[in-house]
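K.L.:
What shape does this take:
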Amino acid sequence: MTDTERLAAREFLALLTDPATFTELPSPTRESAPDGPLTWQGYDASRARATERTGESESVVCGTASVLGTRAVLIAFEFGFLGGSLGERTGDRLEAAYGHAREQGLPVVPLVATGGSRMQEGMLALTQLQRVARQSALTREAGLPQIAVLRDPTTGGGWATLGAGADIVLALPRAQVGFAGSRVRPPDADPSAYTAEAQVANGTADAVVPLAELRQTLGLWLRLLTDGGTGGGKQRGTDGHAEFFGMVGDTPVPRSGIEPAPVPHALGSTDLPRTGWEAVQRARSPQRPRAEAYLDTYFTRRLALSGDRCGGTDPGMLCGFGERDGRTVAFAAQAGTATRPAGYRTAARLIRLADRLGIPVLTLVDTPGAANDAEAERQGAGAAIAELFGAVAAARTPITTLVIGEGGSGGALALAAPGNTYATPDGYFSVIAPELAAAILKRPPQQAEPTADQLRIRPQDLVDLGVIRGISGPPPRGRQA
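P.N.:
Here you go, the predicted structure:
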């Protein structure tokens with residue numbers, strides 16, 4: 001079976017779900033005039049042929065099932081039924097599925113394969129997108145995750161609501177994905193722009209997953225984003241909405257006892273730097289452990305979230321969710337490069353999602369600063385940094401920060417948790433790089449070293465100043481870092 005093979009809805013469900021766990025939801029009944037609301041000649045005959053061909057009475061099959069032990073509501077599109085198009089009856093089924101998910105506190109998994117809205121129902125078909133958007137928003141407010149799987153094709157309103165509107169977006173290799181379907185694009189349009197791979201590259205989808213790996217990947221995502229992966233830290237109110245938080249003064253604090261992510265142990269130097277310049281040199285050393293090493297040591301397994309949903313990605317900002325000691329921790333980690341606007345927006349997206357789901361966050365600071373080239377300005381560097389500052393400031397789930405290398409100015413501080421930031425012995429935090437500080441003060445280049453001491457950027461200086469809470473040490477022998 002190939003990745004691009006177009007499977008029927010029930011065949012696709014059988015591939016992904018645990019055996020004998022799928023229970024189809026009752027289908028709402030709707031009376032309609034002959035040939036539908038527009039009396040489109042031949043519409044009833046088209047639907048009858050679609051039913052005969054597929055065995056389905058509509059373009060979606062909705063039900064509950066387990067995926068590697070985690071229950072979810074699954075919405076599988078049947079492309080063979082009028083191209084998986086959305087009509088009024090489709091909207092009825094989608095609304096009922098989302099409502100059931102909220103009643104039962106279950107995540108929603110749309111398995112999308114659609115050509116868009118149904119022409120034979122005109123604007124009434126198009127308005128189903130508003131119904132879908134409303135249901136998705138209500139489910140988001142209820143603190144329930146939505147994980148979309150994009151099949152071939154995923155176009156039109158189905159992509160713009162069920163697909164792109166999900167928290168996590170997975171796609172099958174080489175699937176056609178785009179708002180414009182193949183028959184309505186400009187004749188000279190580059191077809192490679194309308195693919196799953198292109199959507200991942202431009203930040204609107206998280207990953208391309210081969211069909212053979214999809215069940216395992218989806219199952220792990222469901223585990224990480226639901227109570228099955230959080231150790232039971234999240235509580236729900238009687239209305240089914242997530243109920244986490246209270247206030248102490250003007251500070252939001254967890255009400256449900258969500259434990260902060262543990263501070264990772266230092267993987268590099270164990271002794272403290274003697275001078276500010278030594279702290280800078282250590283942080284810039286290519287031999288120093290980077291974010292990947294910390295994440296690999298910290299988590300037993302993890303999955304990456306990618307893209308800012310605004311057209312960009314930044315490989316220098318690693319975001320996702322991982323499992324540690326049987327519970328889920330979200331992470332946003334700088335990888336030692338100048339962070340680009342897409343990186344800040346992706347981190348903000350990660351923190352907002354973790355906050356909504358009641359999952360603690362770990363951030364790793366390691367950047368010489370924000371990217372300051374002309375393209376970064378055109379991409380809205382200042383606005384992106386402001387967005388991340390705002391996401392961290394507004395977060396009600398606990399955030400733990402460890403400075404593992406360079407902490408360059410506001411581009412680093414945006415990722416740091418106020419009052420819960422730590423540093424390793426080979427990390428530093430500074431209002432500005434010592435070389436740039438010397439230049440601004442009109443000092444010769446050789447004065448960068450004493451300027452570093454004046455800035456008081458060593459980990460022990462930061463503790464004394466009250467900027468960080470403490471310095472991370474090495475892991476005990478035989479213990480997870």
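
K.L.:
hey, let's count contacts and neighbours off CA atoms from now on
P.N.:
Fine.

K.L.:
any low-confidence regions in this protein?
P.N.:
1-5, 227-256, 478-481 (pLDDT under 70).

K.L.:
make it 90
P.N.:
Across the chain, the ranges flagged by pLDDT under 90 are 1-6, 28-33, 179-194, 227-258, 269, 432-439, 441-449, 474-481.

K.L.:
Bridging across strands, which residues link to the residue most central in space within it?
P.N.:
The C-alpha lying nearest the average C-alpha coordinate of the chain belongs to L305 (CA atoms, centre = their mean; 4.5 Å). The residues listed as beta-bridge partners of L305 by DSSP bridges are C319.

K.L.:
And for Q287, the neighbour number?
P.N.:
Residues near Q287, counting by other CA atoms under 10 Å, number 9.

K.L.:
In terms of helices and strands, where is it?
P.N.:
Taking DSSP states H and E as the definition, one finds Q287 inside no helix or strand.

K.L.:
Contact partners for it?
P.N.:
For Q287, the contact set (CA atoms under 8 Å, 6 or more residues apart in numbering) is empty.

K.L.:
What segments of the stretch 201-350 of the chain are helices?
P.N.:
Along the stretch 201-350 of the chain, counting by DSSP state H, counting those that start in this stretch, helices occupy 211-225, 227-230, 276-284, 291-298, 341-357.

K.L.:
Of all those, which one comes closest to S117?
P.N.:
Relative to S117, the nearest member of those by CA to CA is helix 211-225, separated by 26.4 Å.

K.L.:
got the angle between the closest one and helix 341-357?
P.N.:
Here the directions of helix 211-225 and helix 341-357 differ by 60 degrees (axes from the mean of the first three to the mean of the last three CA atoms, to 10 degrees).

K.L.:
and helix 211-225, what other elements does it pack with?
P.N.:
Secondary-structure packing of helix 211-225 (3 or more CA pairs under 8 Å, 6 or more residues apart in numbering; DSSP states H and E): helix 9-16, strand 60-67, strand 70-77, strand 317-324, strand 327-334.

K.L.:
Now it: buried residues?
P.N.:
Residues of helix 211-225 classed as buried: 211, 214-215, 217-225 (neighbour count, 16 or more other CA atoms under 10 Å).

K.L.:
With distance to R274 as extra columns, can I get those in JSON lines?
P.N.:
Shown next, in JSON lines, are the buried residues of helix 211-225 (distance: CA to CA, whole Å):
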{"residue": "L211", "distance to R274": "54"}
{"residue": "L214", "distance to R274": "51"}
{"residue": "R215", "distance to R274": "52"}
{"residue": "T217", "distance to R274": "46"}
{"residue": "L218", "distance to R274": "49"}
{"residue": "G219", "distance to R274": "49"}
{"residue": "L220", "distance to R274": "45"}
{"residue": "W221", "distance to R274": "44"}
{"residue": "L222", "distance to R274": "47"}
{"residue": "R223", "distance to R274": "45"}
{"residue": "L224", "distance to R274": "42"}
{"residue": "L225", "distance to R274": "43"}
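
K.L.:
What is the most widely separated pair among those residues?
P.N.:
Pairwise distances across the buried residues of helix 211-225 peak at 21.2 Å for L211 and L225 (criterion: CA to CA).

K.L.:
which residues in the stretch 351-481 of the chain form strands?
P.N.:
With DSSP state E, counting those that start in this stretch as the criterion, the stretch 351-481 of the chain has strands at 361-367, 399-408, 421-423, 428-430, 470-471.

K.L.:
Now render the ones you listed as CSV, adding mean neighbour count and distance to P107.
P.N.:
Shown next, in CSV, are the strands of the stretch 351-481 of the chain (neighbours: other CA atoms under 10 Å; distance: least, CA to CA, whole Å):
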stretch, mean neighbour count, distance to P107
strand 361-367, 29, 20
strand 399-408, 28, 24
strand 421-423, 27, 32
strand 428-430, 29, 40
strand 470-471, 21, 38
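
K.L.:
Could you dump these into JSON lines with distance to E78 added?
P.N.:
Shown next, in JSON lines, are the strands of the stretch 351-481 of the chain (distance: least, CA to CA, whole Å):
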{"stretch": "strand 361-367", "distance to E78": "38"}
{"stretch": "strand 399-408", "distance to E78": "42"}
{"stretch": "strand 421-423", "distance to E78": "49"}
{"stretch": "strand 428-430", "distance to E78": "54"}
{"stretch": "strand 470-471", "distance to E78": "55"}
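
K.L.:
Any idea which of these gets closest to G326?
P.N.:
Proximity to G326 (CA to CA) singles out strand 361-367 among the strands of the stretch 351-481 of the chain, at 15.1 Å.

K.L.:
quick one: strands adjacent to the closest one?
P.N.:
strand 327-334 (parallel), strand 399-408 (parallel).

K.L.:
Using PDB, write out the CA atom coordinates for it.
P.N.:
Only the C-alpha atoms of strand 361-367 are listed here, as PDB (Å, rounded to 0.1, in the frame of the first residue of the first chain):
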ATOM      1  CA  VAL A 361       6.500  24.100  29.600                       C
ATOM      2  CA  LEU A 362      10.300  23.900  29.500                       C
ATOM      3  CA  THR A 363      12.200  26.600  27.600                       C
ATOM      4  CA  LEU A 364      15.900  26.500  26.800                       C
ATOM      5  CA  VAL A 365      17.600  29.800  26.100                       C
ATOM      6  CA  ASP A 366      20.600  29.800  23.700                       C
ATOM      7  CA  THR A 367      20.900  32.600  21.100                       C
END
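
K.L.:
and that strand, how far out from the chain's middle?
P.N.:
On the basis of CA atoms, centre = their mean, to the nearest Å, strand 361-367 is displaced by 16 Å from the centre of the chain it belongs to.

K.L.:
List of residues touching that strand?
P.N.:
Residues outside strand 361-367 that contact it (CA under 8 Å, 6+ apart): 260-261, 291, 329-339, 351, 354, 397-408, 411-413, 415-416.

K.L.:
hmm, 6 Å instead?
P.N.:
The contact list for strand 361-367 (CA atoms under 6 Å, 6 or more residues apart in numbering) reads 329-334, 336-338, 399-408.

K.L.:
One more: stretch 404-424?
P.N.:
Taking CA under 6 Å, 6+ apart as the rule, stretch 404-424 contacts 266, 283, 366-370, 389, 399-403, 427-432, 468-472.

K.L.:
Repeat that for stretch 68-81.
P.N.:
With contacts defined as CA under 6 Å, 6+ apart, stretch 68-81 is touched by 8-9, 50, 59-65, 84, 106-114, 219.

K.L.:
now stretch 155-167
P.N.:
Contact with stretch 155-167 is made by 115-116, 146-148, 177-181, as judged by CA under 6 Å, 6+ apart.
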